[in-house]
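# Requesting a structural model of the entry that follows:
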Amino acid sequence: MRLGIIACEAFKEELELLTEEDPDIVHKEYLEFHLHEYPQELRAAVVEKVNGLEGKVDAVFLAYGICQSLKGVVEELRVPTATLEEDDCIGVLLTTEGYEQERRACTGTFYAIPYFASKGLGWFEGELRKKMPNYEEVGLDFRWYMEQLFDGYSRCLLIDTGAGDLGTCQALSREFADYLGLDHESRIGTLERLRDGLDRARSLA
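Predicted structure coming up:
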């Protein structure tokens, strides 16, 4: 059996853990998270990557939250492909039910999955610098930018999926929360939805 994985890089740590030494996985490719900002480009990239595996794999696991960008994308794919049902990475790593539970508990929550948590404040500063390279010269304050970006947020929730460096994620997510004056909490996530997606891809092979 030859399985391929095309995934958002937000799932890299979790998928690497799930597929470690799996002889059936012959191709893994993680696409840049920033593609989410460009829905048409994201869809085109996914179609190109999956169809590029035609004849090289028996089935593909497309590890992306479906959202609006990828609805119905399977109809454009020439390789049997298993997809996720959840809208985004938070729903995948918490389950839809868990996500809804946390939204009811606190609507103003930043969900620090390992991918986001490990980036820390530096990721946001890098984003600001990318959008406005001269932001310091024009007098834009980074703290002001962050406070505007997270206006209305009151909690940072670290999601421990068992993947990645938990100590680093804890330290950086707490630093993020302290910087913005947010409550910091944590909860256990799940790999169930990703594992199920991999199993469904095997069933298609």
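# how about the strands of this protein, start to end?
For the chain, the strands defined by DSSP state E occupy 3-8, 25-31, 59-63, 81-83, 109-112, 155-160, 183-188.
# could those go into TSV alongside distance to N51, mean pLDDT and mean neighbour count?
Using the backbone N, CA and C atoms, a C-beta is placed for each residue, glycine as well. Supplementary listing: those in TSV, determined by distance: least, Cβ to Cβ, whole Å; pLDDT from 0 to 100; neighbours: other Cβ atoms under 10 Å:
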stretch	distance to N51	mean pLDDT	mean neighbour count
strand 3-8	10	98	24
strand 25-31	13	98	16
strand 59-63	10	98	26
strand 81-83	10	97	22
strand 109-112	32	98	22
strand 155-160	32	98	22
strand 183-188	37	98	14
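# Not counting the longest helix along the chain itself, show me its contacts.
Criterion DSSP state H: the longest helix present in the chain is helix 166-180. Residues from elsewhere that reach helix 166-180, judged by Cβ atoms under 8 Å, 6 or more residues apart in numbering: 110, 112, 114, 117-121, 143, 146-147, 150, 153, 155-156, 158, 160, 182-184, 186.
# D88 - how many residues pack around it?
Using other Cβ atoms under 10 Å, D88 has 17 other residues around it.
# for G98, that is, sorry about that
Using other Cβ under 10 Å, G98 has 17 neighbouring residues.
# again, but for L149
Other residues near L149 number 13, with proximity taken as other Cβ under 10 Å.
# ok so, going back, may I see the buried residues of the longest helix of the chain?
Residues of helix 166-180 classed as buried by neighbour count (16 or more other Cβ atoms under 10 Å): C169, Q170, L172, S173, R174, F176, A177, Y179, L180.
# and which of these is nearest L191?
Taking Cβ to Cβ as the measure, C169 is the one of the buried residues of helix 166-180 closest to L191, at 15.6 Å.
# Against D178, how distant is the closest one?
To D178, C169 is 15 Å away according to Cβ to Cβ, to the nearest Å.
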